[in-house]
Structure formats: C-alpha cells, structure tokens
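> fold the following, please.
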Amino acid sequence: MFSRETQALMEAAVDAIVVIDHRGTVLAVNDSTSRMFGYRADEMLGENVRMLMPEPDRGAHDGYIARYLETRKPRIIGIGREVTARHRDGTVFPVRLSVGRVPDSTPPRFVGTLRDIRAEREATAALKLERDRARAFLELHDSILLELDPERCVREINARGSELLGAPVREIIGQDWVRFMCGETERERARLLLASALSSGSSREREFDRQ
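Got it, this is the predicted structure:
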C-alpha cells in the first residue's frame, strides 16, 4: 500500500498514525498507535477505527464519514481538533486529532494523526493552579504586592496595593512604578534599588515614601 519511504516516515513518527477507508476500516497503523492504545497492529487492522473512541464518538463516527463524503463539509476531516480517545483498558484520554483525505484515492482513504496531550493538559492545569495560588496570596496580603516589567512598568498589583495607592488597578497597570514615590530623591533611590536587584539577581529592601 505504501512506499518504503512512507512506511519509514510512519514508523519514525512519535504521533499515532492511522489509515482508514471510507467505511472506517483500519488499513494501516504505525508502532506509536500500538503504544498509545495498547493494541497490537494485527488487532486493529481490519477493525473499525471506532474501537479507539469512547462514546458518543464511537457510535457516531460512521455517520461523520458518510456526511463528509456526501457534503464535503469538514467537521474534523481537513480541520483537526482536540477529541477524546479510548485505550484498550478503557482509559479515556485527550488527543489532538488531525485527519486528511488521501488524494485521488478510490475508494476514499483517510490518514489520521493523533497526539496524546495528557502531559500538556496536566502541565497547563498545574500552571493554572500555581497562578491561582499566587493570585490568592496577592489578594490576601495586606501590603502592596506588584509585578514589574523590565521597564519598571506595573504589570500586576493586588487589590490592597491599589487601595493603599488610592487609584484603581486599571490606572496603575502600565505606569512606571517609581512615579508613585514621593519626590525626585525617592524616585532616584527606587531606580537605583531596582537596577541593583536586577543586576545582582538578589533581593533588595528599603522603605519608601509614596505620594
């Protein structure tokens, strides 16, 4: 079915690659498909690709193909999206699916690539959790807590900081932090302190008077 070059490309791919016909019958898979789903290649070949899907996609998949062949309007085919897949042991997990039609194939054949995105989802969830914790810390703290960009402009400030400075958050964001110091002498000291902290990579402490 495939040239040696195409077979080599399939086996070198980290993502799962599945080739099906117009009825959804699996014609070819690569080794990554076996690793991802827990089936041997011979257990998938000749079976309907819906075996790799949970409900409701499992029951609707044949209709997806028939609708595409009738209307040529892509929903997954030619577009790609995040869907759920089903491991042999019943585990359901998220994948990024891209499907394309093999040009000039009669009857029509389709190639799907699937990337397991569990690690990506977990990393995103962990990052969100850390951000939520940081946000909670910011809002519960009774001091001015803020984040500055390399130009000393305020990126983020807590509600208590906004209250102490006497200005809405929207008016503080984007402002040069040192402008909130009281007088040019204090502003210059703040500039020097920030520059020293940035150059040394260590923290600096000092009390300032604000306007």
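> name the next helix or strand downstream of the lowest-mean-pLDDT helix or strand in the chain, please.
Ranked by mean pLDDT, DSSP states H and E, the weakest helix or strand in the chain is helix 57-71, scoring a mean of 75. Using DSSP states H and E, the helix or strand that follows helix 57-71 in sequence is strand 81-86.
> next, the angle helix 57-71 makes with that next one.
140 degrees (axes from the mean of the first three to the mean of the last three CA atoms, to 10 degrees).
> show residues contacting strand 81-86.
36-37, 51-54, 57-58, 76, 92-97, 114, 116-117 (CB atoms under 8 Å, 6 or more residues apart in numbering). C-betas here are computed from N, CA, C, even on glycine.
> may I have stretch 110-119 exported as CSV, CA atoms only?
Output of stretch 110-119 as CSV, limited to C-alpha atoms (Å, rounded to 0.1, in the frame of the first residue of the first chain):
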residue,chain,number,x,y,z
PHE,A,110,-8.1,8.9,5.1
VAL,A,111,-5.0,9.4,7.3
GLY,A,112,-5.3,10.5,10.9
THR,A,113,-2.6,11.6,13.3
LEU,A,114,-3.2,11.6,17.0
ARG,A,115,-1.1,13.2,19.6
ASP,A,116,-1.5,12.3,23.3
ILE,A,117,-1.9,15.6,25.1
ARG,A,118,-2.3,14.4,28.7
ALA,A,119,1.1,15.7,29.7
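> how about that stretch: buried residues?
F110, V111, G112, T113, L114, R115, D116 (16 or more other CB atoms under 10 Å).
> what mean pLDDT does that stretch have?
Stretch 110-119 shows a mean pLDDT of 93 in the predicted model.
> distance of L52 relative to F137?
43 Å (CB to CB, to the nearest Å).
> so what touches the helix with the most length in the chain?
If each helix of the chain is counted by residues according to DSSP state H, the longest one is helix 118-140. By CB under 8 Å, 6+ apart, the surrounding residues in contact with helix 118-140 are F93, P94, L145, E156, N158, A159, R160.
> which stretches of the protein form strands?
16-21, 26-29, 81-86, 92-101, 109-116, 146-148, 154-157 (DSSP state E).
> looking at those, which is closest to T71?
Distance to T71, taken as CB to CB, is lowest for strand 92-101 among the strands of the chain, at 13.5 Å.
> which residue sits farthest out from the middle of this protein?
T185 (46.3 Å; CA atoms, centre = their mean).
> quick one: contacts of stretch 24-32?
Here stretch 24-32 has contacts from 1-2, 10-11, 13-21, 41, 44-50, 61-62, 65, 109, using CB under 8 Å, 6+ apart.
> generate a ChimeraX selection restricted to the buried subset of these.
Buried residues within those, by 16+ other CB under 10 Å, are selected in ChimeraX with:
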select :10,15,16,17,18,19,20,21,44,48,49,50,61,65,109
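> tell me the two of the buried residues of stretch 110-119 that are most distant?
Spanning the widest gap among the buried residues of stretch 110-119 are F110 and D116, at 20.0 Å by CB to CB.
> flag the shaky bits of this protein, pLDDT-wise.
Applying pLDDT under 70 to the chain picks out residues 1-2, 72, 74-78, 138, 203-211.
> could you dump the strands of the chain to CSV with distance to V169?
Formatted as CSV, those follow (distance: least, CB to CB, whole Å):
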stretch, distance to V169
strand 16-21, 46
strand 26-29, 53
strand 81-86, 34
strand 92-101, 35
strand 109-116, 39
strand 146-148, 10
strand 154-157, 6
